[in-house]
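Student: Provided below are the primary sequence and the corresponding predicted coordinates.
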Amino acid sequence: MKMRFSGRRLLVTGGAGFLGSHLCERLLAEGAEVLSVDTYFTGRRSNIAHLLDHARFEAMRHDVTDPLHVEVDGIFNLACPASPIHYQHDPVATTKVSVVGALNMLGLAKRLKAPILQASTSEVYGDPTVHPQPEGYWGNVNPIGPRSCYDEGKRCAETLFFDYHRQHGLNIKVMRIFNTYGPRMHPDDGRVVSNFIVQALKGEPITLYGDGLQTRSFCYVDDLIEGMLRLMLTPDGVTGPVNIGNPQEFTIADLARMVIMLTGSTSEVVYRPLPTDDPRQRRPDITLAESLLGWQPTVPLGEGLQRTIAYFRPIVGENASARRVADYLQETGVTAPHHDRRRARGLS
């Protein structure tokens, strides 16, 4: 492992989340001192439990919608619920995390004169009319739909990042993350990979929305984190946005068949209506990532799914009791009453 971040103190917002916990782990392996900040709404303490005794790791409970006063050498801004179930639960709070959180982190980066990376999303492209999606495409987003709290929140955050760059000379990095999967995904987050794996392992019907012919491009988490690190290490003049994702495209029906095969499940496939504003196609043009970062994904979907299934088996496998699953979900706050969830995010 290269020690590319040796001696640097780095802040990771959303550090206990799916992506954030993998990022913290990688940064520690590369010599960094890491401060994880999380509200533990969708992030889980169990994701970073193995890091808590590390001499260069610190975890702080904090909501990025409140100002943060710390001393760091760089910021990775990953804080925001990323699955429809979670970000639609409290859409106003989702928008606040994206916009007010970005403002607070940009203000911190400006004060510290530190580089800051924004984890943006392919959702800024909406239901795209251009395929595959290059960074120059402005998107096709419904600004008043049920997904817009996330889509438009992230679009506004990108605007703020580039305005801080133009107005204050801030060293920014913006990456647009396409569908990512792997260990530590939330078992009840509503995203297609975790949905299919959990349903298959429990022997439940696998739910396809629409005709199942809509496409996605699935990037394994290790590949995604490597792209994130490479972008952070680029010269000051490289701002992005840069697409990071796997350009190999699969239909959702193909994914379901693959998950059934790899789990050995007897689950049947059932069809439900397509949710509002669900994009029909999603595939990144990664030409810029290849030229600027020398980055390409390396983990094939089949291999990545096998690793992800192995993670989920002891949690929601065929022999897991309902009590074990309930305990696991209770830890995350997803099953908590509405007022408890708000308190967990520091919003009450």
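Tutor: Looks like it arrived, so ask away. Numbers count the residues shown, from 1 in each chain.
Student: so where do the strands sit in the stretch 1-150 of the chain?
Tutor: Here the stretch 1-150 of the chain has its strands, by DSSP state E, counting those that start in this stretch, at 9-13, 33-38, 57-61, 74-77, 116-121.
Student: Now do the last one, average pLDDT.
Tutor: The reference is to strand 116-121. Averaging pLDDT along strand 116-121 yields 97.
Student: Including distance to Leu292 and mean neighbour count, could the strands of the stretch 1-150 of the chain go into CSV?
Tutor: Where you see a C-beta, it was placed from the backbone N, CA and C, and this is true even at glycine. Shown next, in CSV, are the strands of the stretch 1-150 of the chain (distance: least, Cβ to Cβ, whole Å; neighbours: other Cβ atoms under 10 Å):
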stretch, distance to Leu292, mean neighbour count
strand 9-13, 21, 26
strand 33-38, 25, 25
strand 57-61, 30, 17
strand 74-77, 18, 26
strand 116-121, 14, 26
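Student: can I assume Gly294 is in contact with Arg230?
Tutor: Yes: using Cβ atoms under 8 Å, Gly294 makes contact with Arg230 at a distance of 7.2 Å.
Student: ok, back up a step: could you dump the strands of the stretch 1-150 of the chain to CSV with distance to Gly107?
Tutor: What follows is those, written out as CSV (distance: least, Cβ to Cβ, whole Å):
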stretch, distance to Gly107
strand 9-13, 13
strand 33-38, 15
strand 57-61, 18
strand 74-77, 11
strand 116-121, 10
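Student: Now do the end-to-end distance for stretch 4-21.
Tutor: Chord length of stretch 4-21, first to last residue, is 18 Å (Cα to Cα, to the nearest Å).
Student: Also stretch 280-288?
Tutor: 24 Å.
Student: which residues touch that stretch?
Tutor: Applying Cβ atoms under 8 Å, 6 or more residues apart in numbering, the external contacts of stretch 280-288 come out as 122, 125, 127-128, 131-135, 176, 178-179, 214-217, 242-247, 249, 295-296.
Student: Equivalent analysis for stretch 156-174, please.
Tutor: 95, 98-99, 101-103, 106, 109-110, 114-118, 120, 124, 231-232, 234, 236, 238-242.
Student: Now with 6 Å, please.
Tutor: Applying Cβ atoms under 6 Å, 6 or more residues apart in numbering, the external contacts of stretch 156-174 come out as 98-99, 102, 106, 109-110, 115-118, 120, 231-232, 236, 239-241.
Student: And the closest residue to Pro115 other than its chain neighbours, how far from Gln281?
Tutor: Excluding the flanking residues, the one nearest Pro115 by Cβ to Cβ, 6 or more residues apart in numbering is Asn171, at 4.2 Å. If you measure Asn171 against Gln281 using Cβ to Cβ, to the nearest Å, the figure is 34 Å.
Student: Over to Glu25?
Tutor: Distance, Glu25 to Gln281, using Cβ to Cβ: 32 Å.
Student: again, but for Val299
Tutor: Taking Cβ to Cβ as the criterion, Val299 is separated from Gln281 by 22 Å.
Student: try Pro115
Tutor: Counting by Cβ to Cβ - Pro115 and Gln281 are separated by 33 Å.
Student: just Ser120 next, same as before
Tutor: 19 Å.
Student: Return stretch 153-173 as CSV; C-alpha atoms alone will do.
Tutor: The C-alpha trace of stretch 153-173 is given here as CSV (Å, rounded to 0.1, in the frame of the first residue of the first chain):
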residue,chain,number,x,y,z
GLY,A,153,-29.5,19.2,-3.1
LYS,A,154,-26.5,17.7,-4.7
ARG,A,155,-26.7,20.0,-7.7
CYS,A,156,-26.9,23.0,-5.4
ALA,A,157,-23.9,21.7,-3.4
GLU,A,158,-21.9,21.5,-6.7
THR,A,159,-22.9,25.1,-7.4
LEU,A,160,-21.6,26.2,-4.0
PHE,A,161,-18.4,24.4,-4.5
PHE,A,162,-17.6,26.0,-7.8
ASP,A,163,-18.7,29.5,-6.6
TYR,A,164,-16.3,29.1,-3.6
HIS,A,165,-13.6,28.1,-6.1
ARG,A,166,-14.2,31.1,-8.4
GLN,A,167,-14.8,33.6,-5.6
HIS,A,168,-12.3,32.5,-3.0
GLY,A,169,-9.8,30.4,-4.9
LEU,A,170,-10.7,27.4,-2.8
ASN,A,171,-9.1,24.1,-3.9
ILE,A,172,-12.1,21.9,-4.7
LYS,A,173,-12.6,18.4,-6.1
